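Engineer: sequence plus the predicted model coming up.
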Amino acid sequence: MRVTPGQWQVLRRRFNHDWMQNRYLPWLATYLNLLEDRQHYQEYTADFDRLVLEEWRQHSDDADALLESFFREMAPSFLFAGGPLRVGGTGYSWVASVADALWRARLRAPTLLDDARRALVQAKKRFSFLAAACDDGVLPEDGERRTRVAEELRSFRDCCEQLGGAVSALPELIRVT
Amino acid sequence: MPHRVLVADSSEVRTSVARAFHLAGADVCLAYGKERTGAPSVLNGAELETSRTGPLGHFLVVVFHQSRENLWRLAEKAGASADTSVWYTTEGTPTFVAQHREDLGPGIQSRRITPGQPLSVDEARTIIETSVAIAEGRAPNPLPDLYLPPPAGPEYLSALAILCQGYLAVAASSGQLRDDDEALVAMGWPEAKEDIKRIVRAGVQERWPEVQTSRWWLEALGFPVSPEGRGQLESKVEDEAASLKASVGDLKILLGELEPQNEAIGAKVVSGAYLHLAAVLGSQSCE
């Protein structure tokens, strides 16, 4: 069970560690800097659509899948699908339900999941504002509109950071005690 | 002449990794990028920076963070070469990386390298010695523990903890234990008892006698209901406890009760076993 991580842990790692923390948030920080740096601004505006907007559109589905499958794959009942408890059969299904109920209470799992879901909803909302502010991928030249895009980007970045934190707070291991 | 080691990483542990190799006697070069500075370089694939000026040359081993292999590729383009390579990770599951990125070659699977658990000088020496052996065509088989995944998790201890929870929930639902029993509190009963009573209510009269039998415990885990079956379970439990450097403790009393004919395993025995399991497992559980 320790050697073969479940699909949920794989999704979590790819979304939060590999993408959000190590790629996407640094890119958002980079573009926030660029929006205040006229010298390099022209060079990188063309990549904004690909690196900020398209990336989010592709990966926000991963966040949906991650949160949707959390209870199914990280609650103790998952251990009845493999390992020693797989052999007990349906006569022990009530034990799995008991273990899950205790797990939800001990870890405040529903609250943690709600926090992550709220953060995702908020990030999606701020993303739609950002996309609208920059005409779906074209960064504006004039100063006033640039300021607005920067404000929207900062709000969206803050939401992404909250989402990353909320996903990090979800237990990484199947906790049975 | 000291062995040359290239550390390719931009994460916060890069300096400590480089330091470990330096203290192990290697000639260390550090390659890193600007990924976290917000500089424009990230947009065109990161600019390589190194701790040395001039040509990078040939190394015994390149040690790279698995998510920053691009730095190693950039170093290669800048003229670096190496006999061997080793990757490590600061987050996530090293075993997962090994299973899904065979192209990365050997890596540190035994653990993550973090600021709190930096690479030790001994581990750096092991990597150097192993790299020399691999470069000379005499790769150790098996590789040193550092390169191997940790032993399998405590799956029998975890399974027993879950069975204890089932037993204790039935015991509490049928009035055999008070709500303030220490094990009930530890497992989250006070917060979850209404939900759990709904789960066990339908069959609590039948389940209470059932969970007191050794048959219920042994069959759940796939062991024959016999002295041999009990012995097999005990052996598994002892091995897992030893791997966690823990004792079997009060669990021993429960295991002793799992003789084939026993139909009266007591609530206090299970309560004590659960408390011991909770202390041993802590947050380790199953991955």
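Structural biologist: Here it is on my side, so go on.
Engineer: least trustworthy helix or strand in chain B by mean pLDDT?
Structural biologist: One helix or strand of chain B scores below all others by mean pLDDT, DSSP states H and E: strand B:49-50, with a mean of 70.
Engineer: I'd like to know which elements the helix or strand following that one is packed against.
Structural biologist: Remark: after strand B:49-50, the chain's next helix or strand is strand B:58-65, criterion DSSP states H and E. Packing partners of strand B:58-65 (3 or more Cβ pairs under 8 Å, 6 or more residues apart in numbering or on different chains; DSSP states H and E): strand B:4-8, helix B:14-23, helix B:69-77, strand B:81-88, helix B:121-135. Quick note: C-beta positions are derived from backbone N, CA and C, even for glycine.
Engineer: so which bits of strand B:58-65 are buried?
Structural biologist: B:F59, B:L60, B:V61, B:V62, B:V63, B:F64, B:H65 (16 or more other Cβ atoms under 10 Å in any protein chain shown).
Engineer: from these, which is closest to chain A?
Structural biologist: B:H65 (9.6 Å; Cβ to the nearest Cβ).
Engineer: residues contacting the closest residue to that closest one other than its chain neighbours?
Structural biologist: Of all residues not flanking B:H65 in the chain, B:D9 sits nearest, at 4.1 Å (Cβ to Cβ, 6 or more residues apart in numbering or on different chains). The contact partners of B:D9, taken as Cβ atoms under 8 Å, 6 or more residues apart in numbering or on different chains, are B:V17, B:L30, B:A31, B:Y32, B:V63, B:F64, B:H65, B:R68, B:L71.
Engineer: check what pLDDT the fourth one gets.
Structural biologist: If I follow you right, that is B:Y32. The predicted structure scores B:Y32 at 81 on the pLDDT scale.
Engineer: count the neighbours of it for me.
Structural biologist: Other residues within reach of B:Y32, judged by other Cβ atoms under 10 Å in any protein chain shown, total 23.
Engineer: what's the pLDDT at the residue nearest the centre of chain A?
Structural biologist: Nearest residue to the geometric centre of chain A (Cα atoms, centre = their mean): A:A63, 4.5 Å. Looking at A:A63, its pLDDT stands at 95.
Engineer: looks like it contacts A:L120 (just checking).
Structural biologist: Yes. Counting by Cβ atoms under 8 Å, A:L120 is a contact partner of A:A63 at 5.3 Å.
Engineer: list residues touching both of these two?
Structural biologist: In terms of Cβ under 8 Å, 6+ apart, A:A63 and A:L120 are both contacted by the residues A:L163.
Engineer: can you list the buried residues in the longest helix seen in chain A?
Structural biologist: For chain A, the longest helix by residue count, based on DSSP state H, is helix A:143-169. Buried positions in helix A:143-169, judged by neighbour count with 16+ other Cβ under 10 Å: A:146, A:149-150, A:152-153, A:155-157, A:159-164, A:166-167.
Engineer: please consider this matter closed, and thank you.
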